[in-house]
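Novice: sequence unknown, structure follows:
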């Protein structure tokens, strides 16, 4: 019975908060990709600078 209650509660949360959860997931994925792009740019800049020395 407890498992059924937990599953129903989770289903209700997902139904009512679905768009918000999707918004957070997309925003977090965008943040991760942007941070990754920034770190790659820094790595290339460090590599270029060390080549100059």
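Specialist: Noted; the coordinates are in hand. None of these values were measured; they are calculated from a predicted model.

Novice: in which helix or strand would I find residue 23?
Specialist: Element membership for residue 23 (DSSP states H and E) is helix 2-52.

Novice: centre of the chain versus that helix, how much separation?
Specialist: Using CA atoms, centre = their mean, to the nearest Å, the mean C-alpha position of helix 2-52 is found 0 Å from that of the whole chain.

Novice: now it: mean pLDDT?
Specialist: On average, the pLDDT along helix 2-52 is 88.

Novice: Tell me how far residue 24 lies from residue 16.
Specialist: 14 Å (CB to CB, to the nearest Å). In short, each C-beta sits where N, CA and C put it, glycine included.

Novice: If you count neighbours, what's buried in stretch 32-39?
Specialist: For stretch 32-39, burial by neighbour count (16 or more other CB atoms under 10 Å) applies to no residue.

Novice: which residues does residue 4 contact?
Specialist: Shown here is residue 4, which makes no contacts under the criterion CB atoms under 8 Å, 6 or more residues apart in numbering.

Novice: What distance do you get for it to residue 13?
Specialist: 15 Å.

Novice: same thing with residue 36?
Specialist: For residue 36 relative to residue 13 (CB to CB), the value is 30 Å.

Novice: Then residue 25?
Specialist: In terms of CB to CB, residue 25 sits 15 Å off from residue 13.

Novice: Equivalent analysis for residue 21, please.
Specialist: The value you get for residue 21 to residue 13, if CB to CB is used, is 9 Å.

Novice: Please apply the same query to residue 1.
Specialist: Residue 1 is 19 Å from residue 13, by CB to CB.

Novice: quick one: which of those two has more around it?
Specialist: For residue 1 versus residue 13, the count of surrounding residues by other CB atoms under 10 Å is larger for residue 13: 11 against 5.

Novice: which ones are touching that one?
Specialist: Counted by CB under 8 Å, 6+ apart, residue 13 has zero contacts.

Novice: Kindly report the same for residue 46.
Specialist: For residue 46, the contact set (CB under 8 Å, 6+ apart) is empty.
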